[in-house]
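> Quick check, what structure comes out for this input:
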Amino acid sequence: MKKISTKKLALVGVFTALCFAANYISIPVPATVGITRVHVANGICILAGMILGPLFGGFCAGFGAMLYDFTNPVFAPGAPITFLMKFVLGLVAGLIAYSGGRKAENNLMNLIAAIAAAFSYVIVYLIKTFITAKYVKGLPMEAVWVDVGTKAWASSINAIIAIILSVVLIKAILPLVKRNEVDDI
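Residues are numbered from 1 along each chain as shown. Purely as a prediction, here's the structure:
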């Protein structure tokens, strides 16, 4: 097993904290049942995947977002699901940005990574919303579709914000992370 460097461990801590804190930069949107939000957190989750790679980036995205859920009684029951969904967000971004040994150094692949991660998250989130509204909460189908529709537009806005934010920030942050690199990140 490969050792984890102090630098990588520090970056995992920093990106977990960033994924947690970014959730507070949000605008609540009333939904049929509960609320949804327009926020910048998904952009930071994607950035974590692109900077740290699929597994460490996925962990930071999932764990940071899960910790945020635990701070809000509305979101706390779904915290384990949030961990899995945000883990996938960071994982997809990292898998694509690191494909072919690129290590997030190809701007086009970073854009593709951000788009694929953001919109795969939207799809997974809307499936979760449908299942929760229909089978957990037992809402009538009309209310289910209103809830899914409300969350679809908010999630699409989140996806666009995430793509722009992650693609802009990767250009600024990656050179700083790679500077004086002793081992692979």
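
> all contacts plus neighbour counts: C-alpha atoms, from now on.
OK.

> What about residue 93, how many residues nearby?
Neighbour count for residue 93, taken as other CA atoms under 10 Å: 34.

> dump the residue contacts of it.
Residues near residue 93 by CA atoms under 8 Å, 6 or more residues apart in numbering: 46, 47, 49, 50, 53, 54, 110, 113, 114, 116, 117.

> Apply 10 Å and report the result again.
By CA atoms under 10 Å, 6 or more residues apart in numbering, residue 93 lies in contact with 45-51, 53-54, 57-58, 99, 104, 109-118, 166.

> do the same with residue 169
When contacts are counted by CA under 10 Å, 6+ apart, residue 169 touches 43, 44, 47.

> again, but for residue 88
Here residue 88 is in contact with 45-46, 49, 54-55, 57-59, 61-62, 82, 94, 117, 120-121, 124 (CA under 10 Å, 6+ apart).

> Give the buried subset of the residues you listed as a ChimeraX selection command.
Buried subset of the contacts of residue 88, written as a ChimeraX selection, criterion 16 or more other CA atoms under 10 Å:
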select :45,46,49,54,55,57,58,59,61,62,82,94,117,120,121
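
> Nearest to residue 145, out of the contacts of residue 88: which one, please.
Nearest to residue 145 among these, counting by CA to CA, is residue 124 at 15.5 Å.

> list the buried ones in the helix or strand hosting residue 161?
Residue 161 belongs to helix 141-178 when assigned by DSSP states H and E. Neighbour-count burial for helix 141-178 flags 143-145, 147-152, 154-163, 165-167, 170, 174, 177 (criterion: 16+ other CA under 10 Å).

> Turn the contacts of residue 169 into a markdown table, columns for neighbour count, pLDDT and secondary structure.
Output for the contacts of residue 169, formatted as a markdown table (neighbours: other CA atoms under 10 Å; pLDDT from 0 to 100; DSSP: H, G, I helix; E, B strand; the rest coil):
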| residue | neighbour count | pLDDT | secondary structure |
| --- | --- | --- | --- |
| 43 | 29 | 97 | helix |
| 44 | 28 | 98 | helix |
| 47 | 34 | 98 | helix |
